[in-house]
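*Asks:* Model the following, please.
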Amino acid sequence: MRIIRPEKLVPAISRYVIEHLGDEFVTPPPFELPLIYKDSSSTTPLIFVLSPGSDPMSALSKFAENKKKLVEPVSLG
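*Replies:* Prediction:
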(Lines give C-alpha, C1' and ligand atoms only; values in the text may rest on other atoms or scores of the structure.)
Protein backbone atom coordinates (compact mmCIF):
# COMPACT_ATOMS: atom_id res chain seq x y z
CA MET A 1 0.00 0.00 0.00
CA ARG A 2 2.92 2.37 0.45
CA ILE A 3 3.52 2.49 -3.31
CA ILE A 4 0.10 4.06 -3.97
CA ARG A 5 0.50 7.77 -3.30
CA PRO A 6 -2.86 9.56 -2.82
CA GLU A 7 -1.50 12.87 -4.13
CA LYS A 8 -0.64 11.11 -7.43
CA LEU A 9 -3.49 8.58 -7.58
CA VAL A 10 -6.46 10.98 -7.53
CA PRO A 11 -5.21 13.19 -10.40
CA ALA A 12 -4.26 10.09 -12.40
CA ILE A 13 -7.74 8.59 -12.00
CA SER A 14 -9.30 11.93 -12.95
CA ARG A 15 -7.18 12.09 -16.13
CA TYR A 16 -8.13 8.50 -16.98
CA VAL A 17 -11.85 9.22 -16.58
CA ILE A 18 -11.59 12.39 -18.71
CA GLU A 19 -9.73 10.55 -21.47
CA HIS A 20 -12.01 7.48 -21.59
CA LEU A 21 -15.43 8.73 -20.47
CA GLY A 22 -15.38 12.50 -20.84
CA ASP A 23 -15.02 15.68 -18.84
CA GLU A 24 -18.65 15.67 -17.69
CA PHE A 25 -17.93 12.80 -15.30
CA VAL A 26 -15.28 14.82 -13.43
CA THR A 27 -16.58 18.39 -13.62
CA PRO A 28 -19.43 19.13 -11.20
CA PRO A 29 -22.49 20.88 -12.65
CA PRO A 30 -23.03 24.54 -11.75
CA PHE A 31 -24.95 25.20 -8.56
CA GLU A 32 -28.17 26.93 -9.65
CA LEU A 33 -30.53 27.07 -6.68
CA PRO A 34 -33.60 28.40 -8.58
CA LEU A 35 -33.49 25.39 -10.92
CA ILE A 36 -33.01 22.96 -8.05
CA TYR A 37 -35.87 24.55 -6.10
CA LYS A 38 -38.31 23.87 -8.97
CA ASP A 39 -37.71 20.13 -8.52
CA SER A 40 -38.39 20.16 -4.76
CA SER A 41 -41.67 19.86 -2.88
CA SER A 42 -42.90 19.05 0.60
CA THR A 43 -42.42 15.35 -0.17
CA THR A 44 -39.21 15.82 -2.22
CA PRO A 45 -36.78 17.81 -0.07
CA LEU A 46 -33.47 19.28 -1.12
CA ILE A 47 -30.56 17.12 0.04
CA PHE A 48 -27.02 18.47 -0.28
CA VAL A 49 -24.12 16.02 -0.29
CA LEU A 50 -21.17 18.23 0.54
CA SER A 51 -17.49 17.97 -0.10
CA PRO A 52 -14.86 19.55 2.16
CA GLY A 53 -14.90 23.32 1.85
CA SER A 54 -18.36 23.66 0.33
CA ASP A 55 -21.15 25.35 2.25
CA PRO A 56 -24.36 26.23 0.37
CA MET A 57 -26.15 27.36 3.56
CA SER A 58 -25.64 31.09 3.00
CA ALA A 59 -26.92 30.89 -0.59
CA LEU A 60 -29.85 28.74 0.56
CA SER A 61 -30.73 31.14 3.39
CA LYS A 62 -30.64 34.14 1.07
CA PHE A 63 -32.78 32.33 -1.52
CA ALA A 64 -35.31 31.29 1.16
CA GLU A 65 -35.47 34.88 2.42
CA ASN A 66 -36.24 36.12 -1.11
CA LYS A 67 -38.97 33.47 -1.49
CA LYS A 68 -40.27 34.16 2.04
CA LYS A 69 -39.83 30.49 2.97
CA LEU A 70 -38.64 28.84 6.17
CA VAL A 71 -35.48 26.75 6.00
CA GLU A 72 -35.12 23.87 8.44
CA PRO A 73 -31.63 22.41 8.03
CA VAL A 74 -31.04 18.89 9.31
CA SER A 75 -27.54 17.46 9.70
CA LEU A 76 -27.36 13.77 8.85
CA GLY A 77 -23.76 13.24 9.81
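*Asks:* CA only for contacts and neighbour counts going forward, please
*Replies:* Noted.
*Asks:* Show me what secondary structure element comes after the longest helix along the chain.
*Replies:* Taking DSSP state H as the criterion, the chain has its longest helix at helix 6-20. Following helix 6-20 in sequence order, the next helix or strand is helix 33-38 (DSSP states H and E).
*Asks:* Counting neighbours, what do you get for S61?
*Replies:* 16 (other C-alpha atoms under 10 Å).
*Asks:* hang on, I meant D23
*Replies:* Neighbour count for D23, taken as other C-alpha under 10 Å: 13.
*Asks:* List the contacts of it.
*Replies:* V17 (C-alpha atoms under 8 Å, 6 or more residues apart in numbering).
*Asks:* Ok, R15 next?
*Replies:* Applying C-alpha under 8 Å, 6+ apart, no residues qualify as near R15.
*Asks:* For the longest helix of the chain, list every residue counted as buried.
*Replies:* Buried residues in helix 6-20, counting neighbours by 16 or more other C-alpha atoms under 10 Å, are absent.
*Asks:* Stretch 66-77 too?
*Replies:* Residues of stretch 66-77 include none that count as buried (16+ other C-alpha under 10 Å).
*Asks:* same deal with stretch 42-56?
*Replies:* The neighbour-count check on stretch 42-56 (16+ other C-alpha under 10 Å) flags nothing as buried.
*Asks:* just how off-centre is that stretch within its chain?
*Replies:* 7 Å (C-alpha atoms, centre = their mean, to the nearest Å).
*Asks:* measure it end to end?
*Replies:* Across its full length, stretch 42-56 reaches 20 Å between end residues, using C-alpha to C-alpha, to the nearest Å.
*Asks:* returning to what we had before: pLDDT (mean, whole number) over the longest helix of the chain?
*Replies:* Mean pLDDT, helix 6-20: 90.
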